[in-house]
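J.: turn this into a model:
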Amino acid sequence: MITIETRLRDEALLPFLAPVASLCSRLERLLFVALYAQGEKLPDAKRRFLREHRITARQFNAIRMQLEAKVESWREVKQLNLTMVSSQIERTTAAIAKVKSPFARHGKKRRLRRLLDRKARIERELAAPVPSLCFGSRHRFREQFELKANGHADHAAWQQEWRAARASSFYVLGSADEACGNQTCQYRGGELHLRLPDALGGLTITVPVKFSYRECDLLAALTPTRQTITRGPRKGDDVDRVSAVSYRFIRREDRWSVQAMFEVAAAPVTTERQQGCVGVDLNPWGLAVTRIDASGNPVDHFDLPWTLAGRTEDQAQAEIGDAVRGVVLYAREKGVPLATERLDFAETKREDRGARCNAMLSAFAYAAFAQLIRGRCAREGVELIEVHPAFTSVIGKGKFAHGYGLSVHRAAACAIARRALHFGEQLRTRSAGTALALPARNRTRHVWHNWGRWANAQRPRRVRSSQPKGSHGPEPSCDRETTPDPAPPNDGARACRAGGVMPRINAAFTVPGAIPGINGRTRGSRGLAGSLSPQALIGPRI
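T.: Numbers count the residues shown, from 1 in each chain. From the prediction side, this is the model:
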């Protein structure tokens with residue numbers, strides 16, 4: 001489904017649209033009280049609303065769907081907050097057990113108490129039969145308690161703005177069984193014919209509009225096509241039907257806009273996997289793009305940066321859309337599919353990673369990127385392949401960054417493209433040209449297990465210093481000599497079999513203590529060198 005929007009130029013429509021928005025907003029609040037506070041059944045409430053408030057069944061369904069969407073959104077946010085608070089409680093409890101200072105322990109206990117109270121409050125709100133919704137936003141509601149600080153002359157001025165904010169939009173639901181895809185609002189000849197509720201006179205007003213963006217798609221959706229009914233008493237009959245088109249009228253600073261929402265058939269796919277693939281690595285600063293050929297080798301790479309700091313939500317989405325459009329058109333030009341990571345940003349936002357990272361995750365329009373790239377690929381006929389995101393950055397850094405002279409992000413995009421085309425991801429050493437040798441009982445482990453060990457080896461290790469605090473530590477010795485990798489034992493041309501001793505090991509794995517315990521062994525200082533090969537083959541320790 002796509003949404004197109006245009007601004008209404010005729011100011012004479014304001015006296016007609018404002019009462020409709022006010023009526024729909026009031027009925028939405030009344031329906032909330034009837035369904036959630038009073039527990040009235042939906043069919044009974046529908047019959048009563050149609051009789052008492054003089055609206056059509058389609059108008060009632062539009063109000064009901066908008067209310068249900070708000071309640072569902074509220075519950076989803078509360079569940080997200082509950083999960084995040086639970087993870088914070090677990091980390092704080094673990095930190096209390098480790099801290100030694102009584103002052104630090106006291107501070108963490110106070111934080112734990114606040115987190116427990118917050119969790120109990122969220123659980124009470126979720127268990128309550130009436131959702132804690134505030135129509136018009138809580139922020140605007142609290143402005144009445146500080147009128148001067150929020151720019152209000154008096155309480156009457158705040159109340160006027162408050163009511164205008166609550167009645168700033170109304171929704172018109174469409175259906176494929178109705179003329180022009182909608183019973184209440186129909187688009188014909190460059191005009192919208194909006195039927196007012198019977199409570200406001202039941203007149204039909206004409207709204208001149210001009211959709212400057214994708215109007216041809218709207219006209220295609222309104223073109224009748226021959227379809228077969230699949231359910232109901234007329235099942236099996238062939239009828240001419242159009243796509244359902246829903247409209248939303250929005251008021252922004254005394255200017256009205258209208259949005260049209262409808263389904264668009266995806267364009268036929270014109271790309272081929274036999275030609276290669278374009279991998280896209282998503283970052284807060286932009287997109288890293290790498291194209292590979294049919295053999296899995298990178299042949300082109302570039303970045304598409306953007307700036308989201310200080311931008312509004314619409315500006316950020318527009319800049320992300322420009323970058324998405326560029327990479328999709330590039331893939332269509334080369335005739336290859338596009339590969340991205342299948343990311344669950346809700347899981348990422350549940351984790352508290354600090355103030356800076358949380359602000360970045362909040363400002364970075366994750367959901368907008370996923371929605372934009374799916375829509376653009378469907379529009380341009382480019383196949384979109386979503387792959388699992390595990391270890392893409394690690395594989396790119398370990399296998400492609402140094403060998404092909406790529407940045408870490410472009411190397412990750414290369415790994416994403418190769419995974420989309422089902423190329424191998426075995427961890428290979430620097431010179432042996434084979435995967436790490438594993439014991440016979442562990443040869444069935446997934447390849448990502450070794451990549452996890454390699455990633456742990458790259459992390460810097462803390463070293464305890466005997467120097468006093470504030471000192472720079474001992475100076476490195478200038479006479480230290482480095483030893484080359486040892487020569488292969490006996491026959492250098494002998495093939496390395498699985499489970500045997502490897503000829504040479506990557507330098508990252510030969511550092512004592514660089515790798516944690518292998519295959520359930522204790523974490524000692526021997527590292528991978530003492531676990532996989534004899535000490536004589538690794539050479540003396542330095």
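J.: going forward, measure contacts and count neighbours with C-alpha atoms only.
T.: Noted.
J.: quickly find the element holding V239.
T.: strand 238-241 (DSSP states H and E).
J.: I meant Y247, not that one.
T.: strand 245-252.
J.: with S243 instead?
T.: Here S243 is assigned to no helix or strand, by DSSP H and E.
J.: tally of neighbours for it?
T.: 24 (other Cα atoms under 10 Å).
J.: same question, T307
T.: 14.
J.: quick one: contacts for it?
T.: W285, G286, A316, E319 (Cα atoms under 8 Å, 6 or more residues apart in numbering).
J.: what's the burial count for the closest residue to L196 other than its chain neighbours?
T.: Sequence neighbours aside, G202 is the residue nearest to L196 in space, at 4.8 Å (criterion: Cα to Cα, 6 or more residues apart in numbering). By the criterion of other Cα under 10 Å, G202 has 13 neighbours.
J.: from I55, how far off is G202?
T.: In this view, G202 and I55 are 9 Å apart by Cα to Cα, to the nearest Å.
J.: hmm, back to that, wait, the residue nearest to L196 sits on L194?
T.: No. Under the criterion of Cα atoms under 8 Å, G202 makes no contact with L194, lying 9.8 Å away.
J.: so how far is the helix or strand encompassing E76 off the chain centroid?
T.: Per DSSP H and E: E76 is located in helix 57-98. On the basis of Cα atoms, centre = their mean, to the nearest Å, helix 57-98 sits 16 Å off its chain's mean C-alpha point.
J.: and if you look at stretch 398-414?
T.: 24 Å.
J.: first-to-last residue distance for that stretch?
T.: Rule used - Cα to Cα; the end-to-end distance of stretch 398-414 is 12 Å.
J.: buried ones in it?
T.: By 16 or more other Cα atoms under 10 Å, the buried positions in stretch 398-414 come out as 398-401, 406-414.
J.: now stretch 295-304
T.: In stretch 295-304, counting by 16+ other Cα under 10 Å, buried: G296, N297, P298, H301, D303.
J.: again, but for stretch 124-144
T.: L126, V130, P131, F135, G136, E143, Q144.
J.: got it, and stretch 235-255?
T.: Quick answer for stretch 235-255 (16+ other Cα under 10 Å): R241, V242, S243, A244, V245, S246, Y247, R248, F249, I250, R251.
J.: can you check stretch 71-89 too?
T.: 71, 74-75, 78-79, 81-86, 88-89.
J.: in a helix, that's where Q160 is, yeah?
T.: Yes. Per DSSP: H, G, I helix; E, B strand; the rest coil, Q160 lies within a helix segment.
J.: got the domain ranges for the protein?
T.: Domains of the chain are assigned by automatic domain parsing as 15-166, 169-262, 273-420.
J.: quick check: which of those domains is buried the most?
T.: domain 273-420 (a mean of 19; mean count of other Cα atoms under 10 Å).
J.: now that one, how far from the centre of its chain.
T.: 12 Å.
J.: endpoints of it, how far apart?
T.: End-to-end for domain 273-420, by Cα to Cα: 9 Å.
J.: pLDDT on that domain, on average?
T.: Mean pLDDT, computed over domain 273-420, is 84.
J.: does T340 belong to a helix, a strand or coil?
T.: strand.
J.: I meant to write A260 there.
T.: strand.
J.: please apply the same query to S132.
T.: Quick answer, by three-state DSSP: S132 is coil.
J.: what are the ranges of the helices in the stretch 151-300 of the chain?
T.: Assigned by DSSP state H, counting those that start in this stretch, the helices in the stretch 151-300 of the chain fall at 155-166, 215-221.
J.: what about the longest one, distance to the chain center?
T.: So the one you mean is helix 155-166. 35 Å.
J.: any stretches of this protein with poor pLDDT?
T.: The model of the chain has pLDDT under 70 over residues 344-367, 428-444, 461-542.
J.: ok, back up a step: now the buried residues of stretch 398-414 as TSV including secondary structure and distance to P15?
T.: Converted to TSV, those look like this (DSSP: H, G, I helix; E, B strand; the rest coil; distance: Cα to Cα, whole Å):
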residue	secondary structure	distance to P15
G398	helix	65
K399	helix	66
F400	helix	64
A401	helix	63
L406	coil	61
S407	coil	58
V408	helix	58
H409	helix	54
R410	helix	55
A411	helix	58
A412	helix	56
A413	helix	54
C414	helix	57
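J.: ok, these vs D281, which is closest?
T.: Closest to D281 out of the buried residues of stretch 398-414 is A413 (4.8 Å), distances taken as Cα to Cα.
J.: give me the phi and psi angles of the nearest residue to Q259 once chain neighbours are set aside.
T.: Nearest non-adjacent residue to Q259, counting by Cα to Cα, 6+ apart: E5, 4.3 Å away. Dihedral pair for E5: phi -140, psi 150, per degrees, to the nearest 10.
J.: thinking again about what came up before, let me have the buried residues of stretch 124-144 in JSON lines, extended by distance to A62 and secondary structure.
T.: Converted to JSON lines, these look like this (distance: Cα to Cα, whole Å; DSSP: H, G, I helix; E, B strand; the rest coil):
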{"residue": "L126", "distance to A62": "25", "secondary structure": "helix"}
{"residue": "V130", "distance to A62": "21", "secondary structure": "coil"}
{"residue": "P131", "distance to A62": "20", "secondary structure": "coil"}
{"residue": "F135", "distance to A62": "17", "secondary structure": "coil"}
{"residue": "G136", "distance to A62": "18", "secondary structure": "coil"}
{"residue": "E143", "distance to A62": "30", "secondary structure": "helix"}
{"residue": "Q144", "distance to A62": "31", "secondary structure": "helix"}
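J.: follow-up on the earlier one: which one of the buried residues of stretch 398-414 is nearest L421?
T.: C414 (10.9 Å).
J.: quick one: contacts for that closest one?
T.: Per Cα under 8 Å, 6+ apart, neighbours of C414: V278, G279, V289, T290, R291, I292, P298, G396, F400.
J.: if we use 10 Å, what do you get?
T.: With contact taken as Cα atoms under 10 Å, 6 or more residues apart in numbering, C414 is in contact with 277-281, 288-292, 296-301, 339, 392-393, 395-396, 399-401, 406, 408, 420.
J.: how much space between it and A370?
T.: Taken as Cα to Cα, the span from C414 to A370 is 19 Å.
J.: same question for L219.
T.: In terms of Cα to Cα, L219 sits 26 Å off from A370.
J.: which residues in the stretch 301-450 of the chain form helices?
T.: Using DSSP H, counting those that start in this stretch, helices in the stretch 301-450 of the chain cover 313-334, 345-350, 355-363, 366-380, 392-395, 402-404, 408-420, 447-458.
J.: who's in contact with the closest residue in space to G181 that isn't next to it in sequence?
T.: Once flanking residues are discounted, G181 sits nearest to A244: 4.3 Å by Cα to Cα, 6+ apart. By Cα under 10 Å, 6+ apart, the contact set of A244 is 173-183, 221-222, 261-263.
J.: kindly recompute the last result at 7 Å.
T.: Shown in contact with A244 (Cα atoms under 7 Å, 6 or more residues apart in numbering): G174, S175, A176, G181, N182, F262.
J.: where does it fall, phi/psi-wise?
T.: Dihedral angles for A244 - degrees, to the nearest 10 - are phi -70, psi 130.
J.: could you check how far it is from Q458?
T.: 55 Å.
J.: before we move on, what about K98?
T.: 26 Å.
J.: also I55?
T.: For I55, the distance to Q458 - Cα to Cα - is 66 Å.
J.: swap in W448?
T.: Taking Cα to Cα, one finds W448 at 15 Å from Q458.
J.: before we move on, back to that, what's the closest of the buried residues of stretch 71-89 to G107?
T.: I89 (13.7 Å).
J.: OK, contacts around that closest one?
T.: Applying Cα under 7 Å, 6+ apart, we find I89 in contact with L112, L115.
J.: pretty sure R342 is touching I385, no?
T.: No. Counting by Cα atoms under 7 Å, R342 stays clear of I385, with 8.9 Å between them.
J.: rewinding a little: which one of the domains of the chain lies closest to M1?
T.: domain 169-262 (5.4 Å).
J.: start to end distance for the closest one?
T.: 19 Å.
J.: and for stretch 232-247?
T.: 27 Å.
J.: how close does C414 get to T340?
T.: From C414 to T340 the distance is 11 Å (Cα to Cα).
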